[in-house]
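**Q** coords please:
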Amino acid sequence: MKLYIDQKNNVVTMHEATNEMKCFEEFENSKPYTYDTVKEVENCIHPVHILLNTSMIDEKWIYMNVKKYISKQDRVCILPFSFYDDTKNEADWNKQYAPGQGIWYRSNQDVFYKYGICDEQIVWVNYFKDTVDEMKMKILNSSILMLTGGAPDLMMKRIKEKKLKKIIKNYKGVMIGYSAGAMIQLDSYHISPDEDYPDFSYQTGLGCLSGFDIEPHFRRSKIQMESIEKVKEEKGISVYGIYEDGGMIVDQGITCFGKIDLFQ
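**A** Next comes the predicted model:
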């Protein structure tokens with residue numbers, strides 16, 4: 001099913017479209033779609049990427065650094081595709097993300113309240129319930145996209161399965177990702193061995209960012225330092241070690257805040 005975009009940049013299905021609306025696929029290949037709340041640079045809309053270890057963007061040390069990118073007019077889409085394989089159906093998904101019962105619901109939803117964003121402005125993409133068209137519309141009708149933490153490789157697998165990679169890669173709003181959600185924003189990222197991943201590996205991400213790599217949840221462990229040296233030697237790029245209280249903003253350049261180590 002084709003999607004269409006109106007003059008207010010709302011995306012609708014072909015059944016709701018009028019003759020004045022442009023097909024999104026055609027629009028996407030010409031001029032970027034825009035939002036009033038997205039910053040402009042040289043008359044073009046550009047994306048902003050925020051890389052963190054935690055969803056708690058209402059904490060003071062994060063808030064003071066990212067508040068200029070988030071306004072009370074924003075529309076938020078939360079994409080929780082990073083769950084592990086033990087989440088097998090909608091009932092399992094609800095235990096993690098559904099309102100009133102999900103253990104991760106409030107830590108992704110309530111954190112936007114400090115920015116003046118209310119519940120009506122926040123939508124969740126439900127992997128088990130939403131159709132692909134509904135997923136696309138939720139993403140495209142947002143100005144902030146939140147990518148959750150968990151399993152980065154499984155998150156990318158599900159994004160590809162639902163054919164969302166192109167839309168997310170070309171997202172023109174503010175993309176906030178923590179842990180796995182930060183890693184997959186890169187064109188290529190590495191996974192250091194830990195309790196969930198016994199072996200070092202390189203993985204393909206969304207391709208929004210390139211030219212560097214990150215080590216989330218950085219604590220200067222022997223394994224992490226070995227992984228960083230491996231990436232530097234084999235890829236020839238810098239690696240940012242993001243401590244728990246550290247973050248990065250990519251907006252025409254890279255701004256680090258909190259505690260971060262750069263390995264060149």
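
**Q** and Leu51, how many neighbours?
**A** Leu51 has 28 neighbouring residues, counting by other C-beta atoms under 10 Å. Using the backbone N, CA and C atoms, a C-beta is placed for each residue, glycine as well.

**Q** secondary structure class for it?
**A** Secondary structure for Leu51, judged by DSSP: H, G, I helix; E, B strand; the rest coil, is strand.

**Q** so what's Val239 up against?
**A** Residues in contact with Val239, defined by C-beta atoms under 8 Å, 6 or more residues apart in numbering, are 212-215, 228, 231-232, 262-263.

**Q** looking at this, it is in a strand?
**A** Yes - according to three-state DSSP, Val239 belongs to a strand.

**Q** what's the pLDDT at it?
**A** Model confidence at Val239, given as pLDDT, is 98.

**Q** same thing with Lys8?
**A** pLDDT for Lys8: 59.

**Q** which strands or helices does the helix or strand containing Met137 pack on?
**A** Using DSSP states H and E, Met137 sits in helix 132-140. Other helices and strands packing on helix 132-140, by 3 or more C-beta pairs under 8 Å, 6 or more residues apart in numbering; DSSP states H and E, are strand 3-5, strand 11-13, strand 76-79, helix 165-169.

**Q** which of these has the lowest average pLDDT?
**A** Looking over the helices and strands packed on helix 132-140, mean pLDDT reaches its minimum on strand 3-5, with a mean of 58.

**Q** dihedrals phi and psi, Lys222?
**A** phi -60, psi -40 (degrees, to the nearest 10).

**Q** so, low pLDDT: which residues of the chain?
**A** Along the chain, the model assigns pLDDT under 70 to residues 1-17, 19-46.

**Q** in this structure, which residue is most central in space?
**A** Leu147 (3.3 Å; C-alpha atoms, centre = their mean).

**Q** wait, it sits on Leu79?
**A** Yes - using C-beta atoms under 8 Å, Leu147 makes contact with Leu79 at a distance of 5.6 Å.

**Q** overlap of the contact sets of those two?
**A** Going by C-beta under 8 Å, 6+ apart, residues that sit against Leu147 and also against Leu79 are Gly181.

**Q** the helices in the stretch 1-150 of the chain, which residues?
**A** 24-28, 60-66, 90-97, 105-109, 132-140 (DSSP state H, counting those that start in this stretch).

**Q** in JSON lines: those, plus mean neighbour count and distance to Ile117.
**A** Shown next, in JSON lines, are those (neighbours: other C-beta atoms under 10 Å; distance: least, C-beta to C-beta, whole Å):
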{"stretch": "helix 24-28", "mean neighbour count": "15", "distance to Ile117": "25"}
{"stretch": "helix 60-66", "mean neighbour count": "15", "distance to Ile117": "13"}
{"stretch": "helix 90-97", "mean neighbour count": "16", "distance to Ile117": "18"}
{"stretch": "helix 105-109", "mean neighbour count": "18", "distance to Ile117": "10"}
{"stretch": "helix 132-140", "mean neighbour count": "19", "distance to Ile117": "15"}
